[in-house]
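Trainee: One predicted model, sequence on top.
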Amino acid sequence: MMKTFNVLLLLTLMSSCASVAQELHPLEEVNGHYERLQRLDASPNPERAHLDEIAFPADEYSSGTLIYTMITPAYLSPKQVEELKQSIQFPANSSDQTRAELDYLLEWQEKRTAAQEDRSRNFLAPIGYWPHADLLETHRRHEQNLEYLFYEGRTVMGPETTAKNYPATAKLLKGITKDMRLMEFTVKYHLLRARPYHLEPKLDPLARISSPSFASGHTLWAYIQAFAWSELIPSKRKEFLEVAYEVGESREIMGIHYPSDEEAARVLAHRMLTAMLSNEKFKEDLRRAKQEWN
């Protein structure tokens with residue numbers, strides 16, 4: 001009887017450990033100016049009703065980004081893509097929250113330094129892995145694309161953190177980021193949120209972007225990578241999240257994203273990884289990547 005009980009106890013513990021292993025670190029609570037702005041009314045304000053008629057202009061669509069809505073996901077199912085697409089919404093253009101967010105961006109415009117502008121526009125803005133540049137090794141951006149794939153890992157863990165040195169991690173990140181690009185533009189073209197400078201003529205953005213505003217693509221890749229890296233190296237989670245935060249904040253400094261674009265991207269990134277846990281291929285790729293860091 002005791003032997004049977006011990007076996008059952010062992011199986012229960014093993015099952016419990018397996019269950020825990022398939023759970024992500026919980027999403028951190030919203031804080032800072034994101035939390036403050038979220039407390040404001042996000043519903044339409046009749047006094048600014050004309051703003052709710054403004055969407056991202058059709059003549060500014062990018063054909064290249066539209067094509068990304070048609071790719072086959074690596075880890076997500078089509079049903080999950082649809083559910084995730086429907087899971088987030090931006091505050092109304094006329095809302096008190098959006099007005100406060102536009103004022104916040106105007107404040108950044110007044111206080112941003114030349115160094116902040118340079119880092120945001122010339123260093124952080126170009127970073128990002130694009131699956132199409134990885135199809136052929138002869139692509140002119142192939143090597144740089146792989147460097148960008150490992151930007152957060154290299155920033156936190158050092159220059160030896162490369163796709164060549166960590167091939168299983170590279171495979172995992174490629175799959176995650178492929179799905180991130182699909183999700184990014186699926187959401188953007190579903191909701192067609194106007195950029196901040198479409199609503200506020202006083203904004204002088206450091207760039208004009210050829211895709212809708214919500215959610216922030218840079219922030220989505222920054223956080224989905226930060227969450228993935230912190231599953232591989234849990235002790236460095238704080239550092240990875242700090243890197244992701246800087247990327248998101250840089251889009252506000254540039255005047256091209258509302259704070260709600262950034263916060264929605266952070267939440268969506270965590271939901272995406274959580275959804276991927278139902279995919280056996282993802283779980284196997286995650287397991288193999290973890291082995292490289294144990």
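Mentor: Looks like it came in fine.

Trainee: switch to C-alpha atoms for all contacts and neighbour counts from now on
Mentor: Fine.

Trainee: Show me the contact partners of stretch 81-89.
Mentor: Identification of contacts with stretch 81-89 by CA atoms under 8 Å, 6 or more residues apart in numbering yields 183, 186-187, 190-191, 264, 268, 271-272.

Trainee: With only the CA atoms kept, save that stretch in CSV.
Mentor: Output in CSV follows, covering the C-alpha atoms of stretch 81-89 (Å, rounded to 0.1, in the frame of the first residue of the first chain):
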residue,chain,number,x,y,z
VAL,A,81,-4.6,34.6,-34.7
GLU,A,82,-8.2,35.6,-35.0
GLU,A,83,-8.9,35.5,-31.3
LEU,A,84,-5.8,37.6,-30.5
LYS,A,85,-6.7,40.1,-33.2
GLN,A,86,-10.1,40.6,-31.5
SER,A,87,-8.6,40.8,-28.0
ILE,A,88,-7.3,44.4,-28.0
GLN,A,89,-8.8,47.7,-28.8
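
Trainee: out of the contacts of stretch 81-89, which are inside helices?
Mentor: 183, 186-187, 190-191, 264, 268, 271-272 (DSSP state H).

Trainee: re earlier: of the contacts of stretch 81-89, buried ones?
Mentor: Buried by 16 or more other CA atoms under 10 Å: 183, 186-187, 191, 264, 268, 271-272, out of the contacts of stretch 81-89.

Trainee: Closest one to L172 out of the ones in helices among the contacts of stretch 81-89, please.
Mentor: M272 (13.8 Å; CA to CA).

Trainee: Show the contacting residues for the closest one.
Mentor: Counting by CA under 8 Å, 6+ apart, M272 has contacts 76, 84, 224.

Trainee: measure the second one to E23 for me?
Mentor: Going from L84 to E23 by CA to CA, to the nearest Å gives 18 Å.

Trainee: So for those two, which sits in the more crowded spot?
Mentor: L84 (19 against 12; other CA atoms under 10 Å).

Trainee: For that one, what is the enclosing helix or strand?
Mentor: helix 78-85 (DSSP states H and E).

Trainee: again with R266
Mentor: With DSSP H and E as the test, R266 turns up in helix 259-276.

Trainee: Give me the buried stretch members for that helix, please.
Mentor: Result for helix 259-276 [16+ other CA under 10 Å]: buried residues 259-273, 275-276.

Trainee: show me the residues around the residue nearest to the spatial centre of the chain that make contact.
Mentor: Nearest to the geometric centre of the chain sits L220, at 1.0 Å (CA atoms, centre = their mean). With contacts defined as CA under 8 Å, 6+ apart, the neighbours of L220 are 180, 184, 262, 265-266, 268-269.

Trainee: ok, of the ones in helices among the contacts of stretch 81-89, which one's closest to Y245?
Mentor: Relative to Y245, the closest of the ones in helices among the contacts of stretch 81-89 is A264; by CA to CA it sits at 12.8 Å.

Trainee: As a markdown table, the contacts of stretch 81-89 with distance to S95 and pLDDT would be great.
Mentor: Listed next are these as a markdown table, based on distance: CA to CA, whole Å; pLDDT from 0 to 100:
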| residue | distance to S95 | pLDDT |
| --- | --- | --- |
| M183 | 26 | 98 |
| T186 | 24 | 98 |
| V187 | 21 | 98 |
| H190 | 20 | 98 |
| L191 | 16 | 98 |
| A264 | 17 | 98 |
| L268 | 22 | 98 |
| R271 | 26 | 98 |
| M272 | 28 | 98 |
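
Trainee: possible to save the residues you listed as CSV with distance to R154?
Mentor: Shown next, in CSV, are those (distance: CA to CA, whole Å):
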residue, distance to R154
M183, 25
T186, 29
V187, 29
H190, 34
L191, 34
A264, 26
L268, 24
R271, 25
M272, 23
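
Trainee: what's the spacing between the nearest residue to T155 once chain neighbours are set aside and A133?
Mentor: In this structure, T155 finds its nearest non-sequential neighbour in V243, 8.0 Å apart by CA to CA, 6 or more residues apart in numbering. According to CA to CA, V243 and A133 sit 24 Å apart.

Trainee: okay, and for this structure, where does confidence drop off?
Mentor: 1-22 (pLDDT under 70).

Trainee: Next, give phi and psi for K236.
Mentor: phi -110, psi 10 (degrees, to the nearest 10).

Trainee: Confirm for me that it is in contact with S230.
Mentor: Yes: using CA atoms under 8 Å, K236 is in contact with S230, at 6.2 Å.

Trainee: Good, wrapping up.
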